[in-house]
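Peer 1: Please work out how this folds:
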Amino acid sequence: MQNIWLLAQAPGESPAGVPSESMNSQQTQTKILDSNQPVQTAKKRQAVGSYQWIFLVLMVVVMYFLLFRGPKKKQKEHKNMVNSLQKNDRVSTIGGIIGTVINVKDDEITLKVDESNNTKIKVTPSAIGAKLSKIDKS
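Peer 2: Numbers count the residues shown, from 1 in each chain. Alright, predicted model coming up:
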């Protein structure tokens, strides 16, 4: 059975342009509905819904890499750089001070900033911005 015949009339509607006041309340309008149409619509909605879930999962994965993975990688690189610091390494702090490492402890690093006055400063390991080079004193 391919077609279903449905007899119905919406309030205020009239067939063939006849005003609804002149129509008898017993008259109805004939509409033809295809029996396959609701099934196709449901399948299309289900397919669209699955694409939305795939898109949502992809968004979460991208957000993970942007928000969590990148900063953790930079923190790990910084930690490795600070752990590899040795005496006579030349470093730059995040404040822009350039100095030579004299002593490395767990919670502080001593830098020699000025050779002529023998000026030294102590900074935390998190204040070291970059390792510039190693000075060879041979």
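Peer 1: measure Lys72 to Asn80 for me?
Peer 2: Lys72 sits 13 Å away from Asn80, taking C-beta to C-beta, to the nearest Å as the criterion. Backbone N, C-alpha and C define where each C-beta goes, glycine included.
Peer 1: before we move on, what about Leu67?
Peer 2: Noted for Leu67: a distance of 22 Å to Asn80, by C-beta to C-beta.
Peer 1: What of Asp114?
Peer 2: 29 Å.
Peer 1: low pLDDT regions in the protein?
Peer 2: Applying pLDDT under 70 to the predicted model, the residue ranges of the chain that meet it are 1-48, 134-138.
Peer 1: So which residues of it form strands?
Peer 2: Per DSSP state E, the chain carries strands over the ranges 3-8, 29-34, 89-93, 98-104, 109-114, 119-123, 128-134.
Peer 1: Name the residues that touch the fifth one?
Peer 2: Applying C-beta atoms under 8 Å, 6 or more residues apart in numbering, the contact partners of strand 109-114 are 82, 85, 91, 93, 97-104, 118-125, 127-128.
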